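Novice: structural data only, the sequence is not supplied:
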């Protein structure tokens, strides 16, 4: 079975400007969406409607704050699995069903599924790894952070 690529999303100029701007953060103010709207020459309802549309269409996978889980007493790790191609989609759905899984992506490697686990307690990381292993039937390799780097990657659309 050959996987099919989804059709690229149709984005107008304002969608592109909004997505590019969001990659630099949202204002930490009482009315962040109004402030974004003012900055972009829009009104707040238009910004909110565009964001809802981009999320609904899957152009944006999530919109929200990023927390440093470890500084809040939680746990964070990168995990990987070797999943047979014919079972990949089932496992993706199962893994993504865990609230602790921040994102999941395919790699061209023996360990072909990689995902981030973020938890409210350090001990919960291993509990989630064990649960995913039992639920999916494949061993999860825990790849905890040894050193932190801030890359500030922005992808212009």
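Specialist: Here it is on my side, so go on. Note that the structure is predicted; figures quoted are calculated from it, not measured. Residues are numbered from 1 along each chain as shown.

Novice: which residues in the protein form strands?
Specialist: Secondary structure of the chain (DSSP state E): strands located at 75-81, 101-106, 113-119, 141-143.

Novice: which neighbours in the sheet does the first one have, and how are they oriented?
Specialist: By that I understand strand 75-81. Strand pairing for strand 75-81, determined by DSSP bridges: strand 113-119 (antiparallel), strand 141-143 (antiparallel).

Novice: pick out the shakiest of the strands of the chain, pLDDT-wise.
Specialist: For the strands of the chain, mean pLDDT drops lowest on strand 101-106, to a mean of 88.

Novice: for this structure, which helix or strand comes out least confident on mean pLDDT?
Specialist: Here the helix or strand of the chain ranked lowest by mean pLDDT, DSSP states H and E is strand 101-106, holding a mean of 88.

Novice: in its sheet, what does it sit against?
Specialist: For strand 101-106, pairing defined by DSSP bridges yields strand 113-119 (antiparallel).

Novice: got a list of contacts for the partner strand?
Specialist: For strand 113-119, contacts defined as Cβ atoms under 8 Å, 6 or more residues apart in numbering pick out 67, 69, 74-83, 88, 91-92, 95, 98, 100-107, 125, 127-129. To be clear about C-beta, it is placed using only N, CA and C from the backbone, and glycine gets the same treatment.

Novice: generate a PyMOL selection restricted to the buried entries among these.
Specialist: With 16 or more other Cβ atoms under 10 Å as the criterion, this PyMOL line picks the buried residues out of those:
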select buried, resi 69+74+75+76+77+79+80+81+83+91+92+95+98+100+101+102+104+125+128+129
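
Novice: returning to that earlier point: which of the strands paired with strand 75-81 sits most buried?
Specialist: Most buried of the strands paired with strand 75-81 by mean neighbour count (mean count of other Cβ atoms under 10 Å) is strand 113-119; its value is a mean of 20.
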